[in-house]
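Engineer: dropping the sequence and predicted coords here.
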2 protein chains.
Amino acid sequence: MSIENLSCNKSFGGWHKQYSHYSDTLNCTMRFAIYLPPQVSIGDKVPALYWLSGLTCTDENFMQKAGAQRIAAELGMAIIVPDTSPRGAEVADDDSYDLGKGAGFYVNATEAPWNRHYRMYDYVLNELPALVESMFPLNDQRSISGHSMGGHGALVLAMRNPERYRSVSAFSPISNPVNCPWGKKAFNAYLGKDTAAWADYDASLLMRQASQFVPVLVDQGEADDFLTEQLKPETLEAAASHSGYPLALNRREGYDHSYYFIASFIEQHLRFHAEHLTR
Amino acid sequence: MSIENLSCNKSFGGWHKQYSHYSDTLNCTMRFAIYLPPQVSIGDKVPALYWLSGLTCTDENFMQKAGAQRIAAELGMAIIVPDTSPRGAEVADDDSYDLGKGAGFYVNATEAPWNRHYRMYDYVLNELPALVESMFPLNDQRSISGHSMGGHGALVLAMRNPERYRSVSAFSPISNPVNCPWGKKAFNAYLGKDTAAWADYDASLLMRQASQFVPVLVDQGEADDFLTEQLKPETLEAAASHSGYPLALNRREGYDHSYYFIASFIEQHLRFHAEHLTR
């Protein structure tokens, strides 16, 4: 296992670091970022929040724009941010922004040519946690959050693996991908025409059938340009009310789909996760 | 005067907006950003902090990465961020990152070809405040801050115009540009070979001679790659001790030149300015 440290910046008394490593799950070299809070300097093992970013993003968007480090430093929480797809010249791609690189959708692709590299579901669930928990002073407490495509990924990963995550949150998640243009396009390509296979990656369908619960917090801006056609938070609310899932969903007047929205409410999300994580 | 709104994002209950306008001072179209805190919605006139960015930046770096809006919203303070140079196809440029576009150095150039557009000193001091104070609910209380080249600009503007600014702060400023490679290269091009003209744009020389004071706060990372060759904060300390200038300079162990450093201490800078600004 070769792993290379790419950057290191002191931040709120802790450290932001970027690494590259070869991923056996994705068959390519990947970059991720980690924020280590100051508590690790005094020998504490800390819990970790995984953040999954949206379409076109890398590990950098959240770390540079969300302002999460201040609160993570206070709470003693690591933050781990993977990239949003496999990368590299050998990886299949598409000219559009919402398929291929930057648009892995946190699924395990079954269709060629995508199935050679696009296994972000397994990478985020298994390989990345095993790697960072072997390298850094992390305990076994994990929560997960994300934005848009990453909000979809966080909800799906947590609902399918309630034993792995203490809590889940999302900003502006793609709540019902089997019924929106972004989701249909990606699932068609990555999972094929048989829509039965899509249900395992749809937060609203999973939430409707769930019997084992992970606490969920969702924030959605009401001035989000993608709200009606792509995000559909009402399907999540209907599913939660059907199964009794513990969903708290806030609609925020005037806020859009940008990181200005995420930054405005990230403190509340980190404090929510801290209630379910212990050092 | 034609002015165009380019973007608008709700942020911490207030608004981040970008505008373009034709600048008579710079003879070109310019973009700036403003953060209006929530207090303006209830009719308050608020004070303004001007932020000057460093080499290669635009209005976006600070607004996206510093995390200042949270504190500005609490304090009821507007933030105004100009670009770092004139822009446009007709504007003289250079292939290097530290001269020409993105590197205006907040001077009024006297040498051709730069003197046709590069008048950032006058733009930040006069034209931009007059414009924003006519458009937005701002009172006449102004402070100024900046990073690196912008820290130099903020210190120079405040020390030469103590009646205009209530307080000034800087992160990692170019403290003695007449004696460092970045400053010598820029001043040679913009101001010419006669170094007597350079003294008006050197914070350490101005601070040494000053008799009218503006409160100054400076933060400098000790792991900053540019510390010894380009930034030279010790010249500022020597100047302050010579003239009795009220300079508070913090050296921060482990911090570098990046926005991760700025984000870690921006709250202290905004609270420092708030002590000197009133609504």
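Structural biologist: In hand now; what should we look at?
Engineer: close to chain B: what parts of chain A are there?
Structural biologist: By CB under 8 Å from any CB of the partner chain, the residues of chain A that approach chain B are A:9-13, A:16, A:64-65, A:67, A:69-70, A:221, A:223, A:254-256, A:258-261, A:263-264. All C-beta atoms are positioned from the backbone trio N, CA, C, and that covers glycine.
Engineer: helices - which of the residues you listed land there?
Structural biologist: Residues of the residues of chain A next to chain B located in helices (DSSP state H): A:64, A:65, A:69, A:70, A:259, A:260, A:261, A:263, A:264.
Engineer: what's the local residue count around the second one?
Structural biologist: Residue A:65 has 20 neighbouring residues, counting by other CB atoms under 10 Å in any protein chain shown.
Engineer: wait, it sits on residue A:261?
Structural biologist: No - taking contacts as CB atoms under 8 Å, residue A:65 lies outside contact range of residue A:261: 10.6 Å.
Engineer: and the residue in chain A sticking out farthest from the centre, how close does it get to chain B?
Structural biologist: Farthest-out residue of chain A from its mean C-alpha position, per CA atoms, centre = their mean: residue A:42, at 28.7 Å. Counting by CB to the nearest CB, to the nearest Å, the gap from residue A:42 to chain B is 15 Å.
Engineer: mind listing what's buried in stretch A:3-18?
Structural biologist: By neighbour count on 16 or more other CB atoms under 10 Å in any protein chain shown, the buried set for stretch A:3-18 is A:8, A:9, A:10, A:11, A:12, A:13, A:14, A:15, A:16, A:17, A:18.
Engineer: how about the contacts made by the residue in the stretch 51-200 of chain A that chain B sits nearest to?
Structural biologist: Using CB to the nearest CB, residue A:67 is the residue of the stretch 51-200 of chain A that sits closest to chain B, at 3.8 Å. By CB atoms under 8 Å, 6 or more residues apart in numbering or on different chains, the contact set of residue A:67 is A:263, A:266, B:67, B:70, B:263.
Engineer: how about residue A:95, secondary structure?
Structural biologist: The three-state label given to residue A:95 by DSSP: H, G, I helix; E, B strand; the rest coil is coil.
Engineer: which parts of the stretch 151-279 of chain A are strands?
Structural biologist: A:168-171, A:216-221, A:247-252 (DSSP state E, counting those that start in this stretch).
Engineer: out of those, deepest packed?
Structural biologist: For these, the largest average neighbour count (mean count of other CB atoms under 10 Å in any protein chain shown) is found in strand A:168-171, namely a mean of 29.
Engineer: mind checking the pLDDT average for it?
Structural biologist: Across strand A:168-171, pLDDT averages out at 98.
Engineer: which stretches in the stretch 151-279 of chain A count as helices?
Structural biologist: Counting by DSSP state H, counting those that start in this stretch, the stretch 151-279 of chain A has helices at residues A:181-191, A:203-209, A:233-243, A:259-276.
Engineer: residue A:159 is nearest to which of those?
Structural biologist: Closest approach to residue A:159 among these is made by helix A:203-209 (4.3 Å; CB to CB).
Engineer: that closest one: how far from the chain's middle?
Structural biologist: Helix A:203-209 sits 17 Å away from the centroid of its parent chain (CA atoms, centre = their mean, to the nearest Å).
Engineer: before we move on, what about stretch A:119-126?
Structural biologist: Worked out by CA atoms, centre = their mean, stretch A:119-126 lies 11 Å from the chain centre.
Engineer: same list (the contacts of residue A:67) but as TSV, adding pLDDT and distance to residue B:94.
Structural biologist: Shown next, in TSV, are the contacts of residue A:67 (pLDDT from 0 to 100; distance: CB to CB, whole Å):
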residue	pLDDT	distance to residue B:94
A:263	98	35
A:266	98	39
B:67	98	32
B:70	98	37
B:263	98	30
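Engineer: identify the farthest-apart pair in the residues you listed.
Structural biologist: Maximum distance among the contacts of residue A:67 (CB to CB): 12.7 Å, for A:266 and B:263.
Engineer: of the two, who's got more company?
Structural biologist: When neighbours are counted by other CB under 10 Å, residue A:266 and residue B:263 differ, and residue A:266 comes out ahead with 27 against 21.
Engineer: which residues does that one contact?
Structural biologist: Counting by CB under 8 Å, 6+ apart, residue A:266 touches A:66, A:67, A:68, A:71.
Engineer: any weak-confidence spans in chain A?
Structural biologist: Residues of chain A that meet the criterion pLDDT under 70 lie in A:1, A:279.
Engineer: in ChimeraX, select just the buried ones from the contacts of residue A:266.
Structural biologist: In ChimeraX, a selection of the buried entries from these looks like this (16+ other CB under 10 Å):
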select /A:66,67,68,71
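Engineer: tell me the one of the contacts of residue A:266 nearest residue A:87?
Structural biologist: Of all these, residue A:66 has the smallest distance to residue A:87: 21.7 Å, by CB to CB.
Engineer: give the contact list for that closest one.
Structural biologist: A:51, A:259, A:262, A:263, A:266.
Engineer: what of residue A:151?
Structural biologist: With CB under 8 Å, 6+ apart, residue A:151 has these contacts: A:52, A:54, A:145, A:170, A:171, A:172, A:173, A:174, A:175, A:218.
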